[in-house]
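Visitor: give me coordinates for this.
(2 chains)
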Amino acid sequence: MASRLGSSLLRQTCQAPQHQQRVQQLSTTAATAAFRNLKPTNSSPNRSLTDLDDSSPRSTPNDLLRNIFKSGRSQNRENHPREAVKDLRAAHTTDSYLRHMPRRWRAGDLYAPKDLSPVEMKKWRTPHTPKKDVLDMLGLNPLDNYRNFSLISDYMTPFGRIKHSSETGLRPVNQRKMAKTIRRAIGLGIHPSVHRHPEILRLNSRNLPQATSGRL
Amino acid sequence: MAAARSVSPGGALLRASRLFSLPAPIPPPLGDITSSAYNSESSTQPFPTHQVITTLSSSRKRGDWGLKRPLPLKTTTKSSTPMLRVKQIDSIEQITDYSSAADHGLTLKKFQELRLPITAPTKNQNGGYGADRMNLPKRSVFEEDSDFTAVDPEQQGAVKDKRWKFNGPWLAGMTQGDFKKWLAKNVRTRRLEFRQFLKKKLAVEMLRPATQKALDNGEELPSAIDPETISEEQLTEYLRRLRQNNQELYDMVGQFLDLAPLQPPTMSDVRLGLLGGAKADLRTTENPYADSGPPVTHPSAGISYLRTAAYLDNHPIYGPQRNHPPQQARVVRPRRQAIDGKLGVAGFVVETPHGDNYSNNKYNYNPELDRLDPGVEGGAKLWVQPQRASVDSTGRVQVVVGNAKSEDELVVKELLGEEKMFGEVPKPVEEAPPRGGYRARAFGAAQLREQYKNGPKISSAQEYGLGTISHSSR
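Guide: So this is what the prediction gives:
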């Protein structure tokens, strides 16, 4: 009985590939039918010997894809909501603690127990005045850079005031030149006096870096 | 004669004193220019600048540190790590300015326990930073063919690819402002000297065809041309020719100013247009320090004098070990969002291990590395395998760690007493431990012999149920 049923199934399934082959011989396009026909080929005659003891129904490529998507953390979270909540809580704790550890460590830094202490970590939170004159380091003459609104806006507050040398860290000569550059740019009408340059605002709104080399 | 003259007893005492034997402090490490706004004055510097001094406990009780005046007992006697750095022996307020130097002193001890030799950087084959990350074989900085500083000025150019010390700067590491200053101060003043240098080179070059001809014909070699006889017109013509040949001009200038070698831009830099159309027709250099600059001190920085780590660790039971014992690394900063985690080994911040391991797995997160658990006493720690260490051009010690193998980790834990020894039978609790504590008993020879009387257990074919098959096949 079982063998007769099996042979009838075999005949049915064997017909479909024959039909496909005929179509493939005539058609010059890609074998789209091969993709459409993704139903389980449980009783296919091409089953190899290795699958003999595999009693589970064979999976189609669609099933495999679905399994791949399901595997991973998303599935774990679906299956174990408690675990997911626990993980979220741990992540929240981590973020809260990291907010109190603002130091960005670099490979090669040295640390002693005191460097991990809250007192020391607090010092890395507030920005300090640069010790060196940036314009001297870069070899820039501020007066030549009156059109460099990216540079100018670094030495202006968002309300258009010129920053004090205690904030900029420039030496007196460069601070005076920088102030003169800002006044000139505003006087020429090429830089706003009350807020940042619109071009800077545009870059900020798109999260783009303010300084571009222009060559790229 | 003056050196041989004997000094007075008082003078000899003064010369041997701490007052005179303390070396002058070395220049402090350059801060990070890009993030200089965020820093801390009191943080531990990447390398010590002052001599660390210590004293005997008996002297310490009296406050005697060999300095001009005794130091306060209240602050110097309680520490378990009596190390000090003296910033000023006698300040204008008539006090000795000192602070604890346990941070650097202990770091040195911890680093030396790792037993890592300092290696020289390898020349990047592909120009990127990837080659240095790979575990290619490295060379010690103490190899004779590269570790020398006394070079004959005439031979400086010949050993350019081996040296680590140069009189001139490394141009790629200078900012534009520094470069302009250096040009004005050190280069422009040497114009005449450079013309004389070029005349000497030209004299050698002019003689070359004649010498070659004489050699070919087997005649007597022509006498050398006196550089003084070369006219200004000839020199100008030579200069014009040099300007057409970037490589040769750079060689001349580099030799004259003893510049540290530079790695020319790679083809990928040129193709990406990062150089604004500059041509990469310059010769690459073999010097390992051309990529990131020569070191500020001796390339070992004196932190380790080992030449190799190619020795085997022996275990009393398991025999020679393939790897050195792994070390515990502190998770200094957990991995969060896009920011990589940072580990700390022996007080040095290191990158997480590269390659296919937990630290680079995006999905299966590691609770120690990815989450900060305030409940863990002393902070989260991971086992890592220190692989190599080198000192970079800014004087920082870069330790590279790999993933610790779980077998090595287990062996170390057994030795530390954190894990049960292999095959160890737990003893009854009521038995009083003999002298030397529990660990001494676990490693006693009698106990070990008892454990290994029947030999180590090795799995066999019979245990897998294959015994009958193998017999029938015969």
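Visitor: which single residue of chain B ends up nearest chain A?
Guide: Among all residues of chain B, B:Arg396 sits closest to chain A, at 3.0 Å; criterion: C-beta to the nearest C-beta. For the C-beta atoms, the positions are set from N, CA and C on the backbone; glycine is no exception.
Visitor: next, count neighbours for that residue.
Guide: Counted with other C-beta atoms under 10 Å in any protein chain shown, the burial measure for B:Arg396 works out to 20 neighbours.
Visitor: mind checking pLDDT for it?
Guide: The predicted local confidence for B:Arg396 comes out at a pLDDT of 92.
Visitor: now it. Its backbone dihedrals?
Guide: Dihedral angles phi and psi of B:Arg396 (degrees, to the nearest 10) take the values phi -90, psi 140.
Visitor: quick one: contacts for it?
Guide: Applying C-beta atoms under 8 Å, 6 or more residues apart in numbering or on different chains to B:Arg396 gives the contacts A:Ala107, A:Gly108, A:Asp109, B:Pro29, B:Pro46, B:Phe47.
Visitor: ok, and the closest non-adjacent residue to the closest residue to chain B within chain A?
Guide: Ranking the residues of chain A by distance to chain B (C-beta to the nearest C-beta) places A:Gly108 first, at 3.0 Å. Nearest non-adjacent residue to A:Gly108, counting by C-beta to C-beta, 6 or more residues apart in numbering or on different chains: B:Arg396, 3.0 Å away.
Visitor: what do you get for B:Leu22?
Guide: Distances taken as C-beta to C-beta, 6+ apart place B:Gln51 nearest to B:Leu22, at 5.4 Å, with adjacent residues excluded.
Visitor: so what's that neighbour up against?
Guide: B:Leu22, B:Pro23, B:Arg85, B:Val86.
Visitor: related to what we said a few turns ago, tell me which entries of the contacts of B:Arg396 lie within strands.
Guide: Using DSSP state E, no member of the contacts of B:Arg396 falls within strands.
Visitor: in a markdown table, list these along with pLDDT.
Guide: Listed next are the contacts of B:Arg396 as a markdown table, based on pLDDT from 0 to 100:
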| residue | pLDDT |
| --- | --- |
| A:Ala107 | 90 |
| A:Gly108 | 91 |
| A:Asp109 | 92 |
| B:Pro29 | 84 |
| B:Pro46 | 92 |
| B:Phe47 | 93 |
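Visitor: redo these as JSON lines? Include neighbour count and distance to B:Arg15.
Guide: Conversion of the contacts of B:Arg396 to JSON lines gives the following (neighbours: other C-beta atoms under 10 Å in any protein chain shown; distance: C-beta to C-beta, whole Å):
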{"residue": "A:Ala107", "neighbour count": "18", "distance to B:Arg15": "42"}
{"residue": "A:Gly108", "neighbour count": "21", "distance to B:Arg15": "37"}
{"residue": "A:Asp109", "neighbour count": "22", "distance to B:Arg15": "38"}
{"residue": "B:Pro29", "neighbour count": "17", "distance to B:Arg15": "31"}
{"residue": "B:Pro46", "neighbour count": "21", "distance to B:Arg15": "33"}
{"residue": "B:Phe47", "neighbour count": "22", "distance to B:Arg15": "28"}
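Visitor: quick one: mean pLDDT for stretch B:230-239?
Guide: Within the predicted structure, the mean pLDDT of stretch B:230-239 is 93.
Visitor: what does stretch B:49-57 give?
Guide: The predicted model assigns stretch B:49-57 a mean pLDDT of 93.
Visitor: kindly format the C-alpha coordinates of it as PDB.
Guide: The C-alpha coordinates for stretch B:49-57 follow below in PDB (Å, rounded to 0.1, in the frame of the first residue of the first chain):
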ATOM      1  CA  THR B  49      59.800  62.600  33.500                       C
ATOM      2  CA  HIS B  50      61.500  62.600  37.000                       C
ATOM      3  CA  GLN B  51      63.700  60.100  38.700                       C
ATOM      4  CA  VAL B  52      61.800  57.900  41.200                       C
ATOM      5  CA  ILE B  53      63.600  57.600  44.500                       C
ATOM      6  CA  THR B  54      63.100  55.300  47.400                       C
ATOM      7  CA  THR B  55      64.800  54.700  50.700                       C
ATOM      8  CA  LEU B  56      65.300  52.000  53.300                       C
ATOM      9  CA  SER B  57      62.500  51.500  55.800                       C
END
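Visitor: now find how far off-centre it is within its chain.
Guide: Between the centre of stretch B:49-57 and the centre of its host chain there is 23 Å, according to C-alpha atoms, centre = their mean, to the nearest Å.
Visitor: in it, which residues are buried?
Guide: In terms of neighbour count (16 or more other C-beta atoms under 10 Å in any protein chain shown), stretch B:49-57 has its buried residues at B:His50, B:Gln51, B:Val52, B:Ile53, B:Thr55.
Visitor: and these as JSON lines, adding secondary structure?
Guide: As requested, these are exported to JSON lines (DSSP: H, G, I helix; E, B strand; the rest coil):
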{"residue": "B:His50", "secondary structure": "coil"}
{"residue": "B:Gln51", "secondary structure": "coil"}
{"residue": "B:Val52", "secondary structure": "strand"}
{"residue": "B:Ile53", "secondary structure": "strand"}
{"residue": "B:Thr55", "secondary structure": "coil"}
